[in-house]
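Enquirer: sequence? don't have it. structure:
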């Protein structure tokens, strides 16, 4: 089985003159729509992506490019990759492991 | 109205000898349970917290301490604070702004 | 001896209409100047601070406030805390440990 | 001229049973040694890399792999990319811009 990672990406356009950035985020997420080789989930602070590491890095690279194509001149992108190779780990598994120990947790 | 921020915290115990860290995370989340002054949400890559900045920093400080109380000797904590003061912004608002533009997004 | 942590803070004003942010950074660093209880070091991607955890969090809180006082309406602050309690660890120690193993490293 | 970015990478092996991680870091840095297409600088909290974005992502991918080749089973890698396209920006430029405004800053 191909190793899967879980990664989170936050894309922050800088100097756009507008404090709202949701239209940039929406455009970044279109990169992920309709791909069969990745799962993702939007959170209030970023996008969590699950898939093979090389694929995840490739789409992150594409997402980073989107704000420039919409007029931004500077983009800060923060990526956090969690790569566990001793056993399969999915986004659902990680949440589930915590819920088993603290069932009242809000997700 | 008191200004609210949205923050994400990831707590990573280092050198524990065990690749699994969910019991540390569950213990960290107990700090957030039952507080009336904060909202939170567990994601596969961290915990998103919404509340007044000083309160958010105070609980983050408490959460950071938890793995030490459970035996860890080194902890790396990553915090990302999104503080918007031109208009109220909640976790739900941020998701909603993106969904309005791209209704197919998974959350 | 009081436990010391090493922390890195990056402060990103959002929506300012100017891609340059060095005047915000310079103002944030003034918070650190002349304090006897902390050491710091500016890097191309953030500011590394060394000191007791509570003090580090207090100055980070102050630094985060600076861009607002200079007109920004939204600030994203990223903080990474490295807290090691099994032995004292300084900024200089961390660099030194790597250099001992790879003397050609550029710092 | 090819666009250059400045990126910071922190590689955190998880569950290794040893709080010290400098030998992993030293091995990661060997990936950067002797490359003519990149500059880098070790800081107490990560490695700052300057070069074309695709090259920076390629070496970051290689660095992330190193702890696994040395026995780690889980690695968390945090990457922060600063990509400015309205004018050339180097690690030295970024520091210099701040120093011009606050000459007493320690670097």
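Expert: Yep, that arrived. In this text the structure is predicted, and so the values were computed from the model without any measurement.
Enquirer: mind listing what residue A:22 touches?
Expert: B:94, B:97, B:98, B:100, B:101 (Cβ atoms under 8 Å, 6 or more residues apart in numbering or on different chains). C-beta here means a position set from N, CA and C on the backbone, and glycine is covered the same way.
Enquirer: Give me the pLDDT for it.
Expert: Per-residue pLDDT puts residue A:22 at 97.
Enquirer: What mean pLDDT does the helix or strand hosting residue A:68 get?
Expert: Here residue A:68 sits within helix A:53-69, counting by DSSP states H and E. For helix A:53-69, mean pLDDT is 98.
Enquirer: tell me which strands and helices the next helix or strand after it is in contact with?
Expert: Counting by DSSP H and E, the element after helix A:53-69 in chain order, helix or strand, is strand A:74-84. Identification of packing neighbours for strand A:74-84 by 3 or more Cβ pairs under 8 Å, 6 or more residues apart in numbering or on different chains; DSSP states H and E yields strand A:4-13, helix A:53-69, helix D:53-69, strand D:74-84.
Enquirer: What's the mean pLDDT across strand A:74-84?
Expert: On average, strand A:74-84 scores 98.
Enquirer: before we move on, back to that, is chain B contacted by the helix holding residue A:68?
Expert: No: Helix A:53-69 lies apart from chain B when judged by Cβ under 8 Å from any Cβ of the partner chain; the minimum separation is 12.2 Å.
Enquirer: Centre of the chain to that helix, how far?
Expert: Offset of helix A:53-69 from its chain centre (Cα atoms, centre = their mean, to the nearest Å): 10 Å.
Enquirer: re earlier: tell me which entries of the contacts of residue A:22 lie within helices.
Expert: If you go by DSSP state H, the contacts of residue A:22 have B:94, B:97, B:98, B:100, B:101 in helices.
Enquirer: from those, which single one is nearest chain C?
Expert: Closest to chain C out of those is residue B:94 (11.9 Å), distances taken as Cβ to the nearest Cβ.
Enquirer: which residues touch the helix holding residue A:68?
Expert: A:3, A:5, A:7, A:9, A:11, A:13, A:24, A:27-32, A:35, A:37-38, A:47, A:49-51, A:75, A:77, A:79, A:81, A:83, D:53-54, D:57, D:61, D:64, D:81, D:83, D:85.
Enquirer: what's the angle between that helix and strand A:74-84?
Expert: 170 degrees (axes from the mean of the first three to the mean of the last three Cα atoms, to 10 degrees).
Enquirer: Run the angle between helix A:53-69 and strand D:4-13 for me.
Expert: Put simply, helix A:53-69 runs at 150 degrees to strand D:4-13, going by the same axes, to 10 degrees.
Enquirer: tell me which residues of helix A:53-69 are tucked away?
Expert: Counting neighbours by 16 or more other Cβ atoms under 10 Å in any protein chain shown, one finds that the buried residues in helix A:53-69 are A:53, A:55-60, A:63-68.
Enquirer: What of stretch A:93-103?
Expert: For stretch A:93-103, the buried set under the neighbour-count rule, 16+ other Cβ under 10 Å, comprises A:94, A:95, A:97, A:98, A:99, A:102.
Enquirer: One more: stretch A:17-32?
Expert: A:19-29, A:31-32.
Enquirer: Need the max-distance pair from these.
Expert: Using Cβ to Cβ, the buried residues of stretch A:17-32 reach their maximum pairwise distance at A:19 and A:32, which is 24.5 Å.
Enquirer: which residue sits closest to residue A:39 in space, ignoring its chain neighbours?
Expert: Nearest non-adjacent residue to residue A:39, counting by Cβ to Cβ, 6 or more residues apart in numbering or on different chains: residue A:50, 4.5 Å away.
Enquirer: count of neighbours near the one you found?
Expert: 21 (other Cβ atoms under 10 Å in any protein chain shown).
Enquirer: same question, residue A:87
Expert: 10.
Enquirer: which bits of chain A sit near chain D?
Expert: Going by Cβ under 8 Å from any Cβ, the residues of chain A near chain D are A:53-54, A:57, A:61, A:64, A:68, A:73-86.
Enquirer: Report the buried members of these.
Expert: Buried, going by 16+ other Cβ under 10 Å: A:53, A:57, A:64, A:68, A:73-84, out of the residues of chain A next to chain D.
Enquirer: if I read this right, residue A:40 contacts residue A:50, doesn't it?
Expert: Yes: Residue A:40 is in contact with residue A:50 according to Cβ atoms under 8 Å; the separation is 7.1 Å.
Enquirer: Spit out the residues that contact these two alike.
Expert: Contact criterion Cβ under 8 Å, 6+ apart; residues shared by residue A:40 and residue A:50: none found.
Enquirer: Out of the buried residues of stretch A:17-32, list just those in helices.
Expert: A:22, A:23, A:24, A:25, A:26, A:27, A:28, A:29.
Enquirer: nearest spatial neighbour of the fifth one, skipping sequence neighbours?
Expert: Right, residue A:26. residue B:101 (3.9 Å).
Enquirer: For that neighbour, which residues are in contact?
Expert: Here residue B:101 is in contact with A:22, A:23, A:26 (Cβ under 8 Å, 6+ apart).
Enquirer: do you know how far the second one is from residue D:53?
Expert: To tie it back to what came earlier, the one meant is residue A:23. Between residue A:23 and residue D:53 the computed distance is 23 Å (Cβ to Cβ, to the nearest Å).
Enquirer: just residue A:72 next, same as before
Expert: Applying Cβ to Cβ, the value for residue A:72 to residue D:53 is 15 Å.
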